[in-house]
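Asker: Return a 3D structure for these sequence lines:
(one chain, ligands or ions: 1)
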Amino acid sequence: MASRFLLANVLHRRGNKISNWTLGACCYHMDVGSAELGSDARVIDMRSDVLTKPNKRMRQAMADAVVGDDVFREDPMIHEIQAKVANMFGMEAALFVPSGTMGNLVAMMAHCSNRGDEVILGDKSHLFLFEQGGIAQVAGVHPMPVINRNDGTFSIKELKSKIRPTDDPHQTLTRVVSIENTHNFCGGRVLPLSFIEEVAEVSHEHGLIVHMDGARLMNAAYALDRPPLDLVKKCDSVSMCLSKGLGAPVGSMLAGTTEFIEKTIRCRKVLGGGMRQPGILAAAGLVALSEADMRMAHDHEIASKFAKGIAKIGGSVIEVDVPAVESNIIMLHVVKEGLTSEMFCQRLREVTEEESRKFKDNLTKVVAGPWSTTCVRGVTHFDLSHDDIDRALRKFEYVIKEFSDSL
Ligand SMILES: Cc1ncc(COP(=O)(O)O)c(C=O)c1O
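Answerer: Predicted coordinates:
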C-alpha cells in the first residue's frame, strides 16, 4: 500500500483531522493488486478517467503520424489539432500542451503579466488545490479563493466583493476569474450556462479575463447536450484535457486569442513544454476528439447506472445523491458510524476467504478513492464496461452487507 495512503489511515486512527484535500490527493496512489487472496480477481479500477489507455485507432494513428519539429512550428498534426480545437471553441487559436496543469499554468502566466497579479478562483478548484500552487510558486500569481458551492458554482456577490480596487497601492490587481467545468472536487458537476454568463458579465464589466479550466469540458457539453462552443463563448481562454475521459495518452489543449496563444507559447517553452515531434501525440488526440461523443455517452450512462445501483443497495452504510451525478464522477458518502472511507475502500480492494469460497473464479476487487474521511470518489471511463459496473455493484453489495452486519 502506498505510504501516503498509510499515513492518512494512521493519522485518522490517531484522531487527527484530515482535511478533504489531503485525502483527495492520496487517492491517486494505490497499490491495486498486492493482497495475496484474490490475486486472480478482476480489478475494476474506478479511481479516475485518466486511467484510460490509448485504443487501437489511436495507436495506429500515432504510428502513421507525419510529424515535424513543433518548436519550429513545423508539425502538421499539431497544426491540425490546434486548428480543430480553435474552431470547436470558436476561438482564434489553440495550443497543444503536455498536461492540464501546464495548460492552466501557462494561461495564468500569459494573462497575468505583472508579478502579484491576482486570480479569483474556487476554493475547491483543481487550480487552487491540486496544482502545487504553481501559479504562485512559478508564475508569481496571487490566488484569491471564493467558496465553491456543492455544485461547483460560487456566489456572484462574493465574486464581486473579491475584485480589488484599482486605485489602492496597498492591494494587488485582480486580472483573471477562473471557473472549472465539470467541477472535479464537487463530483463532476456541470456549471449551468447561466452561471458562466453571469461570471463573464461581472468579470468583463470590471475589465477581468475569464478562464475556464475545462479539463472535462466535453463531459459538461455532453451532459448539457450543447456543442462545446456554447459553454466557452463567454470565456476568454479555456483549457481541456485529451487524456482524461477522451482517452488520449498525453496532452491538453488551450484556446484563446492569437495574441494570448502567442504569449503562452513562450510560457510553455520556459517550463520545458516545447516539444519536438509531438504530432505523434496529437494524432492520438485527434482520434480522441472524433470519439468524444461516444465516449461521453458511455461514461455518463454507466456512472448513472452505478449511482442508481448504489442508491438501491447502500442501506445504512453508503448514500449517494443520484441527481447530483451529472457526468462521470460519483461521490459516495459513508454514513455508517465507525466506518471511514479509507476502511471501506481498503475492503473493496481485498478478497476474503469467505468471498473466495463463495465466488471461486469469479472474484472482484474494486479500486476507488477515499476522497475525504467520509466520502469515496468513483469515476467511470471507457475502459470500464457495463459488465464491470454490474460486478462492481455486486462487490459493493457484499461489502456493504458485511459492514452493516459487523459494525
Ligand atoms: C479540473 C482539472 N483541471 C486540471 C487537471 C490537471 O490535469 P493534468 O493531470 O493533465 O495535469 C485535472 C486533473 O485531474 C483536473 O481534474
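Asker: Helix or strand, whichever it is, which one in this protein has the lowest mean pLDDT?
Answerer: helix 3-13 (a mean of 37; mean pLDDT, DSSP states H and E).
Asker: State the pLDDT value of the closest residue to the ligand within the chain.
Answerer: Closest approach between the chain and the ligand, counting by Cβ to the nearest ligand atom: residue 100, at 2.5 Å. (Glycine included, C-beta is placed from N, CA and C.) As predicted, residue 100 sits at a pLDDT of 98.
Asker: repeat for residue 405
Answerer: Looking at residue 405, the pLDDT reads 84.
Asker: how close does it sit to residue 395?
Answerer: 16 Å (Cβ to Cβ, to the nearest Å).
Asker: more neighbours, those two?
Answerer: Higher neighbour count among residue 405 and residue 395: residue 395, with 23 against 7, using other Cβ atoms under 10 Å.
Asker: and the more buried one, what element?
Answerer: Following DSSP states H and E, one finds residue 395 within helix 386-406.
Asker: Buried residues, that helix. List them.
Answerer: 388-389, 391-400, 403 (16 or more other Cβ atoms under 10 Å).
Asker: In terms of secondary structure, what does it contact?
Answerer: strand 42-45, helix 292-313, helix 341-348, strand 364-367 (3 or more Cβ pairs under 8 Å, 6 or more residues apart in numbering; DSSP states H and E).
Asker: tell me the angle of it relative to helix 292-313?
Answerer: Put simply, helix 386-406 runs at 20 degrees to helix 292-313, going by axes from the mean of the first three to the mean of the last three Cα atoms, to 10 degrees.
Asker: Tell me how far stretch 309-319 lies from the chain's centre.
Answerer: 25 Å (Cα atoms, centre = their mean, to the nearest Å).
Asker: end-to-end on it?
Answerer: 11 Å (Cα to Cα, to the nearest Å).
Asker: Over it, what's the mean pLDDT, rounded is fine.
Answerer: The model assigns stretch 309-319 a mean pLDDT of 97.
Asker: what sits up against it?
Answerer: Stretch 309-319 is contacted from outside by 320, 322, 330, 332-336, 339, 344, 376, 389, 393, 396-397, 400, 403-404, using Cβ atoms under 8 Å, 6 or more residues apart in numbering.
Asker: quick one: buried residues of it?
Answerer: 309, 310, 314, 317, 318, 319.
Asker: Columns distance to the ligand on top of those, output as TSV?
Answerer: Shown next, in TSV, are the buried residues of stretch 309-319 (distance: Cβ to the nearest ligand atom, whole Å):
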residue	distance to the ligand
309	25
310	22
314	26
317	28
318	24
319	24
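Asker: Nearest to residue 148, out of the residues you listed: which one, please.
Answerer: Nearest to residue 148 among the buried residues of stretch 309-319 is residue 319, at 20.9 Å by Cβ to Cβ.
Asker: Name the SS class of that closest one, please.
Answerer: strand (DSSP: H, G, I helix; E, B strand; the rest coil).
Asker: 14 is where my numbering starts, stick with that
Answerer: From this message on, residue numbering opens at 14, which makes the last subject residue 332.
Asker: Who is it paired with across the strands?
Answerer: Residue 332 forms beta bridges with residue 346, as assigned by DSSP bridges.
Asker: any idea how far residue 202 is from it?
Answerer: From residue 332 to residue 202 the distance is 17 Å (Cβ to Cβ).
Asker: Over to residue 193?
Answerer: Residue 193 is 9 Å from residue 202, by Cβ to Cβ.
Asker: Please identify the helix or strand for residue 298.
Answerer: Residue 298 belongs to helix 292-303, assigned by DSSP H and E.
Asker: just the strands in the protein please.
Answerer: 55-58, 106-110, 131-135, 155-159, 187-193, 222-226, 250-254, 265-269, 331-333, 342-347, 377-380, 382-385, 388-392 (DSSP state E).
Asker: Okay, now the sheet partners of the fourth one, with direction.
Answerer: Note on strand 155-159: by DSSP bridges, its sheet partners are strand 131-135 (parallel).
Asker: and the gap between the residue nearest to residue 232 when sequence neighbours are not counted and residue 374?
Answerer: Sequence neighbours aside, residue 340 is the residue nearest to residue 232 in space, at 4.1 Å (criterion: Cβ to Cβ, 6 or more residues apart in numbering). Distance of residue 340 to residue 374, given as Cβ to Cβ: 35 Å.
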